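> 3D model of this:
(chains A and B)
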Amino acid sequence: MNTTDAFKWGVNLVWNSADAALDPFRMLRGEVWSAAKPNQWYDFSQTNTYSDLDTERLYGTIYGQFSFKENLWLWGGYTYQDYSDNAPYLYDTTGNADTFAARLGYSF
Amino acid sequence: MNSKMRYLLTVLLIVLVPGALLAQESESETTTRTESEVEIGVWDTSVDGSPDLVLEYEPDGTGPIIKADIISVMEKGSVDYEGEILTSNNMTNDLGFDFNRVFRSSNLLNIMLHRLGHEPLDHFQAVTNHGRVTWETDNNPDSEYEIDYQLFETWNEIQPRGMSNLTFGFGYRDQRRDGLRQQTAVSHCDACHVESMDRPMNEKTTDIGADLTWAGEWGYVRAGYKTRDYSDSPTSIPYTYDDALHPELRTPLFDNRVQYDLQSGPQEIDFRPDTTKDTFGVDGLWASRTGWNLAAEGIWSETKSDYEDITSDYNGYLLSLNKRFGEERRWGFRWRGRAYDVSVSDFFVDTIEQVGIAGPQAGKTYREIYDFDPDFNRQSSRNRDVIDSKADVSYRFNRTLGTLRFLWDYESVDREHFQVAPGTTKTTSNELGVSWSARPAKGWKTNVLLKFGDASDPFNGVNTQYSILESSPAGSPFAPEAAQYFEFHDARVAEGTASPESWTRFQARGTYTGNTASVTANYRYWDGDNTSGDLTDWSRMNQAASVTLWSSPAPRWQWYAGYTWNDSTLDTVATVPLFDG
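Numbers count the residues shown, from 1 in each chain, chains lettered A, B, ... in the order given. Here you go, the predicted structure:
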């Protein structure tokens, strides 16, 4: 956006969400055999929950650029990133990051 | 500032100084121009929580920024550089230049950080009511696992004046992964013990290649050669396996059932031998005046381990034809055929045979007790001859009604050492289909595809599932009546597979593009099954749909939204071995 001839700014926002899950396994077993083998649990009722995926990611940037002259400018920007791990698999990978940046530019 | 940064700043100065001088010259010469932008600044990134995925490929901390976009076109040549440098392990550089249009060079240097995460291994803990345990050890719990990925690539061409049909090209590519990653190893027969440890990486893959091209209005012919070297340092890391103990009695009764344990001392694990690959290729394209277009390619390559006498050879040939026919060239024909063979050398595996050190089998190897030979000659299942063909015939109605296309895909895979059915090593498949693409109205594009496929003797593992052996009750695994693992393996009767015998594929896609907005929807369906083997009962159905919206309501504003859905159903046979005692 050009607010004035000397100043322009912009914003960029991205959000995405992903989730995935397995339905319960249909592992059939013989009831007669299971009754005779009490040490064999043969229980897979929770196995389908071990690979659940539930994540959200947010990315936002706002920046501005001021031109002192036609070929000399100052650019500044801030970026926020957020990753949410709502069903941790091996460990919780949730985290967020703040980035500040400034650049002096020259064209020739 | 490290040497890498000093080098890159030197390159930038070499590019910028003449660029700046030329910028002054360009004001008076009409045939030259220079357009350059340079930005210098600082950045600062702070993290809260885990950086492993939110900054998977980005650095944190503080550092300088150097950005440049330089184009300079002169009478004697040109220079084009675009790059951004944040840290010594996060930068992109793209440099192209030419001299008198006779020598052309394109170069890139990209480096990026990749965080690998640290698995805590805290989900292996389990115990049975008879005292068997599974457990884990993280030998380096504080290590941060990450690598720097670096790619340097240069490709250069010489096209002599007066022989512009001839081009000589040569190049060099250097790809590296340096850093630290997490290596895991498992000891057996002391219950299940998983350990992790640091694994340094200094992986390097370098390519050197050259080719010669002869080109004209009729097409081109090119011959080229490339040699690749792969190495990783260290080639392996040392690891000492646990003592092979009975999982409940904790006595050393199973030494003759494992190749390595504590008695064997440190072993090499994660062994990555230096490897060399040489490739020679010829390809060409011919566009005849009769309307036939022909493309052909031949590739011959050999990959060799520098550690053992193991080689893998690949010989491949490709031929493609296409032509448009008839009134207003409405009919089209395309065919692509490919034939290749893969051959990997045999390798004899001499199994380490330890003797028992305690219990009823002390002093004897497993072979001596059970008359079982664990040595084998490994013959690769990759060895094969493959022929595949893709052909289609199309008719173009008009822009609105679009193009109707009939397709036939054929593949034959004949393996040298692997049977897919008793006495059969060959799989043959055919896929027939029809597709229609059109622009039915202004702004609309549609495409529909329907295919049916069939395979004879699809990929199956013969007798790889469902052992029918039921061992007689035995007081211990050492009792003569106790069945052994190799006997259970030999009694398997079912074929295992994840490849279809027949399948259906359907895809539909539509896009509408307006003045300031567009919408695209896509649906894919695949359904296949396989009941060709003994007790084989496999089927899979996949569906995926997506819709994306894009809009630019004002010249400097745009927004985008998308949704993707996937659904997959798998029916298969799972064989679970049962132990009691």
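> Now do the helices in chain B.
Under the criterion DSSP state H, chain B contains helices at B:3-26, B:51-54, B:366-370, B:485-490.
> near chain A, anything from the second one?
In other words, helix B:51-54. Yes - using Cβ under 8 Å from any Cβ of the partner chain, helix B:51-54 comes into contact with chain A via B:P51, B:D52, B:L53, B:V54. Backbone N, C-alpha and C define where each C-beta goes, glycine included.
> one step back: of the helices of chain B, which shows the lowest average pLDDT?
Of all the helices of chain B, helix B:3-26 carries the lowest average pLDDT, namely a mean of 46.
> Identify the spatial nearest neighbour of A:G95, chain neighbours not counted.
Spatial nearest neighbour of A:G95, chain neighbours left out: B:G49 (3.4 Å); criterion: Cβ to Cβ, 6 or more residues apart in numbering or on different chains.
> wait, isn't the one you found in contact with A:D98?
No - contact status for B:G49 versus A:D98: not in contact, 11.9 Å apart, counting by Cβ atoms under 8 Å.
> distance between stretch B:358-366 and the chain's centre?
Between the centre of stretch B:358-366 and the centre of its chain there are 45 Å (Cα atoms, centre = their mean, to the nearest Å).
> what residues does that stretch touch?
Residues from elsewhere that reach stretch B:358-366, judged by Cβ atoms under 8 Å, 6 or more residues apart in numbering or on different chains: B:251-253, B:255-257, B:353-356, B:369, B:372, B:374, B:478.
> neighbours around residue 88, how many?
Since you didn't name a chain, this refers to chain A. 13 (other Cβ atoms under 10 Å in any protein chain shown).
> You answered for a different chain; I wanted chain B.
B:S88 has 17 neighbouring residues, counting by other Cβ under 10 Å.
> Look up phi and psi at it.
phi -70, psi -20 (degrees, to the nearest 10).
> give the contact list for B:T45.
By Cβ under 8 Å, 6+ apart, the contact list for B:T45 reads A:A97, A:D98, A:T99, B:L55, B:E58, B:P59, B:D60, B:G61, B:T62.
> Point out the ones among those that are inside strands.
The strands, defined by DSSP state E, take in A:A97, A:D98, A:T99, B:G61, B:T62 from those.
> Can you select the buried ones from these in ChimeraX?
Buried members of the ones in strands among the contacts of B:T45, identified by 16 or more other Cβ atoms under 10 Å in any protein chain shown, are gathered into one ChimeraX selection as follows:
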select /A:97,99
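> for the ones in strands among the contacts of B:T45, which one is nearest B:D309?
Checking the ones in strands among the contacts of B:T45 against B:D309 with Cβ to Cβ, the nearest one is B:G61 at 48.2 Å.
> Would you mind listing the outside residues contacting stretch B:312-328?
Contacting residues not belonging to stretch B:312-328 are listed as B:290-304, B:330-345, B:382 [Cβ under 8 Å, 6+ apart].
> what does chain A have sitting close to chain B?
A:1-2, A:10, A:20, A:27, A:37, A:39-40, A:42, A:57, A:75, A:81-83, A:85, A:90-108.
> wait, doesn't B:A474 sit right on B:Q484?
No - judged on Cβ under 8 Å, B:A474 makes no contact with B:Q484 at a distance of 10.8 Å.
> Same drill for those two, tell me which one is more crowded.
In this view B:A474 and B:Q484 are compared by other Cβ under 10 Å, and B:Q484 has more residues nearby, 16 against 13.
> hmm, which helix or strand of chain A has the shakiest average pLDDT?
Comparing every helix and strand of chain A by mean pLDDT, DSSP states H and E singles out helix A:31-36 as the least confident one, with a mean of 66.
> Could you list the low-pLDDT ranges of the chain?
The chain I'm using is chain A. A:1-4, A:28-42 (pLDDT under 70).
> Correction: the question concerned chain B.
When the per-residue scores of chain B are filtered using pLDDT under 70, the ranges that remain are B:1-31, B:189-191, B:578-581.
> So in it, which strand runs the longest?
strand B:192-216.
> Now for the one residue in the stretch 51-200 of chain B that gets nearest to chain A: which residues touch it?
At 4.0 Å from chain A, B:V54 is the closest residue in the stretch 51-200 of chain B, using Cβ to the nearest Cβ. The neighbourhood of B:V54, defined by Cβ under 8 Å, 6+ apart, consists of A:R57, A:Q81, A:D82, A:Y83, A:G95, A:N96, A:A97, B:V47.
> Tell me the bridge partners for the second one.
Per DSSP bridges, the residues bridged to A:Q81 are A:Y59, A:A97.
> Show me the domain layout of chain B.
With domains defined by automatic domain parsing, chain B comprises B:1-89, B:116-272, B:406-581.
> Just put these in CSV and tack on distance to B:R101.
Listed next are the domains of chain B as CSV, based on distance: least, Cβ to Cβ, whole Å:
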stretch, distance to B:R101
domain B:1-89, 7
domain B:116-272, 8
domain B:406-581, 38
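> Quick check: B:R161 touching B:V102?
Yes - taking contacts as Cβ under 8 Å, B:R161 lies within contact range of B:V102: 6.0 Å.
> Compare those two (neighbour count), which wins?
In this view B:R161 and B:V102 are compared by other Cβ under 10 Å, and B:V102 has more residues nearby, 13 against 8.
> bridging residues for the residue lying closest to B:G510 once chain neighbours are set aside?
Take B:G510 and drop its neighbours on the chain: the residue closest to it by Cβ to Cβ, 6+ apart is B:T446, 4.8 Å away. The partner list for B:T446 in beta bridges (DSSP bridges) reads B:A438, B:G510.
> Ignoring the adjacent residues along the chain, who's closest to B:Y563?
Distances taken as Cβ to Cβ, 6+ apart put B:V547 closest to B:Y563, at 5.6 Å, once the chain neighbours are dropped.
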